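Student: Next one to model:
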Amino acid sequence: MTDGMVIAPCSAKTLAAVRSGYGSDPIARAADVTHKEQRRPVMVVRGTPQSTVRR
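Tutor: Residues are numbered from 1 along each chain as shown. Model prediction:
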């Protein structure tokens with residue numbers, strides 16, 4: 001048994017999916033199950049986009 005889950009780095013899309021409960025990919029579904037089992041998902045959100053297009 002685990003105490004929680006760490007998502008690092010966490011994109012804004014993954015953060016939104018976890019927050020809204022939309023299990024669009026395996027990471028979001030795993031975070032949803034972690035939260036449902038009353039364990040803590042820890043998300044390390046990226047501060048800036050990784051693409052040079054958005055600069």
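
Student: what number of residues lie near Glu37?
Tutor: 10 (other CB atoms under 10 Å). Every residue, glycine included, has its C-beta placed from N, CA and C.

Student: Could you report the pLDDT at it?
Tutor: At Glu37 the predicted local distance difference test score is 92.

Student: before we move on, which element is the closest residue to Arg46 other than its chain neighbours in?
Tutor: The shortest distance from Arg46 to any residue other than its chain neighbours is 4.7 Å, reached at Pro9 (CB to CB, 6 or more residues apart in numbering). For Pro9, the host element (DSSP states H and E) is strand 4-10.

Student: For the chain, which segments count as strands?
Tutor: Counting by DSSP state E, residue ranges of the strands within the chain are 4-10, 40-45.

Student: Can you lay out these as a markdown table showing mean neighbour count, mean pLDDT and distance to Thr34?
Tutor: Rendered in a markdown table, the data for these read as follows (neighbours: other CB atoms under 10 Å; pLDDT from 0 to 100; distance: least, CB to CB, whole Å):
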| stretch | mean neighbour count | mean pLDDT | distance to Thr34 |
| --- | --- | --- | --- |
| strand 4-10 | 14 | 91 | 4 |
| strand 40-45 | 13 | 89 | 5 |
